[in-house]
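In: have a look; sequence and predicted model below, questions after that.
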2 protein chains.
Amino acid sequence: MELKKVIGQEAAKIDQLMREDIRALEADGYDPLLIEILDYALLSGGKRVRPLLVVLSARICGCDDDGVYRLATAFEYLHTATLIHDDVIDNAGERRGLASVFKKYGLEAAILTGDFLHAFSMERVSQCGGASALGIFCRATSGMVDGEYTQLRTAGNLDQSEEDYFSVIMGKTALLIGAACEIGTIYGGGDELGRKGLRTYGLNLGCAFQIVDDLLDYQGDPKRTGKAVGNDLAEGKVTLPLIYALQRADVTDRARLLSILSDEGQRQQQVAEVSSLIEKYHGFSDARLKAEEMGALAVRALPDVSDATIPPEQKVLVDLCTYVLNRDK
Amino acid sequence: MELKKVIGQEAAKIDQLMREDIRALEADGYDPLLIEILDYALLSGGKRVRPLLVVLSARICGCDDDGVYRLATAFEYLHTATLIHDDVIDNAGERRGLASVFKKYGLEAAILTGDFLHAFSMERVSQCGGASALGIFCRATSGMVDGEYTQLRTAGNLDQSEEDYFSVIMGKTALLIGAACEIGTIYGGGDELGRKGLRTYGLNLGCAFQIVDDLLDYQGDPKRTGKAVGNDLAEGKVTLPLIYALQRADVTDRARLLSILSDEGQRQQQVAEVSSLIEKYHGFSDARLKAEEMGALAVRALPDVSDATIPPEQKVLVDLCTYVLNRDK
């Protein structure tokens, strides 16, 4: 089946379960304002990639039980909690083309809804996946926070290394994706080797995803991405293409880059100049190569099966890598 | 042993374990800024009442295993997470006489540290207490959020009923205290009846505690409480003494109270007048009676044993009720 069709079909199942969960909370007497915000934050679209990875990882291990979807929702709950808190931290007014929870309902509601979803997601993982799955889930959460701390501590540092960058995107994106794959494998009854392989797949896929995201920030078509070009630059975020350029630039170009980067107004106005300097030092093309390399590592970590025996779910995981690398939004 | 001595002795054990946890996180390579904030937020004093209740509840069931202290720390982690997020929501600069995490380290660090402690506490409960303990812990967290939503939704509503007040303090204070007792009982191997009894003890103790807290806000000695008199009133929080007065006041007094309450400046300046109106309608004395009633309900919910066989830990639980009712800070 075509990848987009699989994604759409599985996302519909996850949405349906989340809708049922919210209705059950409503029936349990939870506050009407909380219910309204959960509806708003959880059911306004999204590809549900993390839950999909849980389901596919379990299926690869031979699991044909539909209970895995219930476990999978936990990843959308935690992911949404993270986004809601991130929007408070970044003072962000928009999310997926709609007003953010923070903007629409205020600071208190945003912090509380994130906390609620945190607890809700963890209870779900414990119920459906057991203690070892919960341990992985909680450690992914701690790692995400740790990554944000690294970002917070190194913000404004223009001498970031490739290693700093990877430690940030590992926390920001890859850990939760790796945990989705690993926990899916545990649920599906996979062995230690399978767990490790799927986790490695997820971590690499997550990093590739984030590198492409950071490339699109410079090179994307705003009509497709829905975001202005040069957002990260304007906010002073130093991503991989820029790290490469800063490392390789000659004295004059480096001084020029540093002078733009250290001034907020310049950062907003000189996107084109920064882009052309990154281009000059192959920052974009090498970042893309890095993403492709990590995509290849992801695929190589999948179970070793001959083409004749490859399960359809494994095919979807491979297609997902291609999709992540080639997406334009 | 005297209650204060027990509290001090047990708090020292909890502090020691928390110190070891933070050192272990440091050794695991967690970000130095996160480590610094955990030290600051967790190790700046506190009576550790919630962990103490876990330990005592387990001991009553005959548990003599020291692993219960590890489980107990989870309650201090979750409680601290809640306080840190509350201080962001309330824009509070101080906590226990020190600058709040929000004030000292900023919004991002405060939200992230709360999230970290959330995940950390839940992993701990799952590890040490198992899935059913985690279910109770997560539902207490959800209930706390739900209570804050009720407070958010009804804020500024001057026609609150006693029922509204109890639904708020149940979430704000009592649920976590009830969960501490219940989870301690589970750890100690208590039966269904014991669990229910200790949970009821905790819920009533928590409500009594909060009513006394709200009384101290009007009647406490700032030198003892460390807080200015009339804080809640200034913030527009309608607590039990005021609810009683509003329900019972004649037309003139009620109009006067409503006129003060609806004006922020008046609320700050007319504390003495509001107090004397509450006094006139027995708001303070009846709130105190209510707290004493709930303290008695707490004690009555404890296991039924003759005086000769009462375990020392049960004696401490009884003393704790007396202490909560008579505290002046």
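Out: Now that the structure is in, tell me what you want to look at.

In: count the neighbours of residue A:38 for me.
Out: Residues within reach of residue A:38, counting by other Cβ atoms under 10 Å in any protein chain shown, total 23. The C-beta positions use only the backbone N, C-alpha and C, and glycine is treated the same way.

In: ditto for residue A:191
Out: 10.

In: same question, residue A:93
Out: Using other Cβ under 10 Å, residue A:93 has 12 other residues around it.

In: how about it: what's its closest non-neighbour residue?
Out: residue A:103 (4.5 Å; Cβ to Cβ, 6 or more residues apart in numbering or on different chains).

In: for the helix or strand where the one you found lies, packing partners?
Out: For residue A:103, the host element (DSSP states H and E) is helix A:101-105. If contacts are counted by 3 or more Cβ pairs under 8 Å, 6 or more residues apart in numbering or on different chains; DSSP states H and E, helix A:101-105 sits against helix A:32-42, helix A:68-89, helix A:107-154.

In: wait, residue A:327 touches residue A:215, no?
Out: No - Residue A:327 lies out of contact with residue A:215 (Cβ atoms under 8 Å); the separation is 10.3 Å.

In: look at those two and report which has more neighbours.
Out: residue A:215 (20 against 14).

In: residue numbers of chain A in contact with chain B?
Out: Contact residues (Cβ under 8 Å from any Cβ of the partner chain) of chain A with chain B: A:30-34, A:81, A:85, A:88-89, A:107-109, A:111-116, A:118-120, A:122-123, A:126-127, A:130-131, A:134-135, A:138-139, A:141-142, A:145-146, A:148-150, A:152-153.

In: any idea how far the closest residue to residue A:230 other than its chain neighbours is from residue B:117?
Out: Residue nearest to residue A:230 in three dimensions, not counting chain neighbours: residue A:271, with 3.4 Å by Cβ to Cβ, 6+ apart. Per Cβ to Cβ, to the nearest Å, residue A:271 is found 39 Å from residue B:117.

In: now do residue A:30
Out: 23 Å.

In: and these two? Which one has more around it.
Out: residue B:117 (27 against 20).

In: now do the more buried one, the pLDDT please.
Out: At residue B:117, the pLDDT value in this model is 97.

In: distance of it relative to chain A?
Out: Distance, residue B:117 to chain A, by Cβ to the nearest Cβ, to the nearest Å: 9 Å.

In: who's in contact with that residue?
Out: Shown in contact with residue B:117 (Cβ atoms under 8 Å, 6 or more residues apart in numbering or on different chains): B:38, B:41, B:77-78, B:80-81, B:84.

In: 10 Å instead, please
Out: A:142, A:145, B:37-38, B:41-42, B:74, B:76-85 (Cβ atoms under 10 Å, 6 or more residues apart in numbering or on different chains).

In: after the host helix or strand of residue A:252, which helix or strand is next?
Out: Secondary structure from DSSP H and E places residue A:252 in helix A:251-261. Sequence-wise, the next helix or strand downstream of helix A:251-261 (DSSP H and E) is helix A:264-269.

In: what comes up buried for that following helix?
Out: By neighbour count with 16 or more other Cβ atoms under 10 Å in any protein chain shown, helix A:264-269 contains the buried residues residue A:267.

In: what sits up against the next helix or strand after that helix?
Out: Sequence-wise, the next helix or strand downstream of helix A:264-269 (DSSP H and E) is helix A:271-280. Here helix A:271-280 makes contact (Cβ under 10 Å, 6+ apart) with A:217-219, A:228-231, A:233-234, A:239-246, A:248-250, A:253-254, A:256-257, A:260-261, A:266-267, A:270, A:283-287.

In: can you pull the buried residues of helix A:271-280?
Out: So, applying 16+ other Cβ under 10 Å, buried residues of helix A:271-280: A:271, A:274-275, A:277-278.

In: whatever helix or strand comes next after that helix: which residues count as buried?
Out: On the C-terminal side of helix A:271-280, the nearest following helix or strand under DSSP H and E is helix A:283-300. By neighbour count on 16+ other Cβ under 10 Å, the buried set for helix A:283-300 is A:283-284, A:286-288, A:290-291, A:294-295, A:297-299.

In: could I get the CA-only coordinates of helix A:283-300 as PDB?
Out: This file holds the C-alpha atoms of helix A:283-300, laid out as PDB (Å, rounded to 0.1, in the frame of the first residue of the first chain):
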ATOM      1  CA  GLY A 283      26.700  23.800   4.500                       C
ATOM      2  CA  PHE A 284      23.300  22.800   2.900                       C
ATOM      3  CA  SER A 285      24.600  20.000   0.700                       C
ATOM      4  CA  ASP A 286      26.700  18.500   3.500                       C
ATOM      5  CA  ALA A 287      23.800  18.700   6.000                       C
ATOM      6  CA  ARG A 288      21.700  16.900   3.400                       C
ATOM      7  CA  LEU A 289      24.400  14.200   3.000                       C
ATOM      8  CA  LYS A 290      24.400  13.800   6.800                       C
ATOM      9  CA  ALA A 291      20.700  13.300   6.800                       C
ATOM     10  CA  GLU A 292      20.900  10.700   4.000                       C
ATOM     11  CA  GLU A 293      23.600   8.900   5.800                       C
ATOM     12  CA  MET A 294      21.500   8.700   8.900                       C
ATOM     13  CA  GLY A 295      18.500   7.500   6.900                       C
ATOM     14  CA  ALA A 296      20.700   4.800   5.500                       C
ATOM     15  CA  LEU A 297      21.900   3.800   9.000                       C
ATOM     16  CA  ALA A 298      18.200   3.700  10.100                       C
ATOM     17  CA  VAL A 299      17.300   1.200   7.300                       C
ATOM     18  CA  ARG A 300      20.400  -0.900   8.000                       C
END
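
In: just the mean pLDDT for the next helix or strand after that helix, thanks.
Out: As assigned by DSSP H and E, the chain's next helix or strand after helix A:283-300 is helix A:312-326. Averaged across helix A:312-326, pLDDT comes to 92.

In: report all helices and strands that helix A:312-326 contacts.
Out: Applying 3 or more Cβ pairs under 10 Å, 6 or more residues apart in numbering or on different chains; DSSP states H and E, one finds that helix A:312-326 contacts helix A:3-27, helix A:49-60, helix A:192-219, helix A:283-300.

In: thinking again about what came up before, any of the contacts of helix A:271-280 buried? List them.
Out: For the contacts of helix A:271-280, buried by 16+ other Cβ under 10 Å: A:217-219, A:229-231, A:233-234, A:239-246, A:249, A:254, A:257, A:260-261, A:267, A:270, A:283-284, A:286-287.

In: spit out the contact partners of residue A:63.
Out: A:55, A:57, A:184-185, A:187-190, A:313.

In: please identify the helix or strand for it.
Out: Per DSSP H and E, there is no helix or strand for residue A:63.

In: give me the phi and psi angles of it.
Out: Main-chain dihedrals, residue A:63, degrees, to the nearest 10: phi -80, psi 130.

In: for chain B, see how far away it is.
Out: Going from residue A:63 to chain B by Cβ to the nearest Cβ gives 20 Å.

In: state the pLDDT value of that residue.
Out: pLDDT, read off for residue A:63, is 92.

In: residue A:104 too?
Out: pLDDT, residue A:104: 96.

In: contacting residues around it?
Out: A:37, A:40-41, A:93, A:95, A:98, A:110.

In: mind picking the two most distant members of those residues?
Out: Greatest spatial distance in those: A:37 and A:93, 16.2 Å, computed using Cβ to Cβ.

In: quick one: residues contacting the spatially most central residue of chain A.
Out: For chain A, the residue sitting closest to the mean C-alpha position, by Cα atoms, centre = their mean, is residue A:173 at 3.9 Å. For residue A:173, the contact set (Cβ under 10 Å, 6+ apart) comprises A:144, A:147, A:203, A:205-211, A:213.
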